[in-house]
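Asker: take this sequence and fold it.
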Amino acid sequence: PRIKQTSSMVFLHGLGDTGHGWAGMLNTIRPDHLKVICPTAPVIPITLNLGFRMPAWFDIESLDNLEEETDIEGVKKSAETVYGIIEDEIRSGIPSNRIIIGGFSQGAALALYCSL
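Answerer: Here you go, the predicted model:
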């Protein structure tokens with residue numbers, strides 16, 4: 001039998017990826033008390049990739065000036081998704097200090113934004 005879940009980890013994938021592969025890998029190394037949540041970003045056009053549609057947490061217009069050209073509205077919209085996941089975990093009985101957020105590449109940027 002499984003040990004009772006007492007903590008949760010939200011892990012966010014990078015540009016063009018999905019949460020499925022990360023969930024599979026992370027579930028093989030997680031402790032029994034940790035629930036792994038790996039959502040998949042919506043499929044949106046990415047300006048940097050000539051408008052090609054792919055899973056992404058926010059648009060990337062250019063790599064030249066990321067501080068000034070970030071799709072902040074897309075970041076905020078994706079952050080709301082993450083906050084919703086966290087709220088769901090709290091409602092299910094996981095204390096907020098037992099929830100961690102992480103990610104890879106674009107997902108790591110979003111995780112950092114959400115933790116500020």
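
Asker: now for the lowest-mean-pLDDT helix or strand in the chain, which elements pack on it?
Answerer: Every helix and strand of the chain was ranked by mean pLDDT, DSSP states H and E. The lowest is helix 19-29, at a mean of 95. The contact analysis (3 or more CB pairs under 8 Å, 6 or more residues apart in numbering; DSSP states H and E) places helix 19-29 against strand 7-12, strand 34-37. (C-beta placed from N, C-alpha, C; glycine too.)

Asker: dump those to JSON lines, plus mean pLDDT.
Answerer: Shown next, in JSON lines, are the helices and strands packed on helix 19-29 (pLDDT from 0 to 100):
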{"stretch": "strand 7-12", "mean pLDDT": "98"}
{"stretch": "strand 34-37", "mean pLDDT": "97"}
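
Asker: any idea which of those strands is most buried?
Answerer: With neighbours defined as mean count of other CB atoms under 10 Å, the helices and strands packed on helix 19-29 peak in mean count at strand 7-12, which reaches a mean of 22.

Asker: name the residues that touch the biggest helix by length in the chain?
Answerer: The residue-count maximum for a helix in the chain (DSSP state H) belongs to helix 72-91. Here helix 72-91 makes contact (CB atoms under 8 Å, 6 or more residues apart in numbering) with 8, 10, 12, 35, 37, 39, 41, 44, 56-59, 96, 99, 101, 109-111, 113-114.
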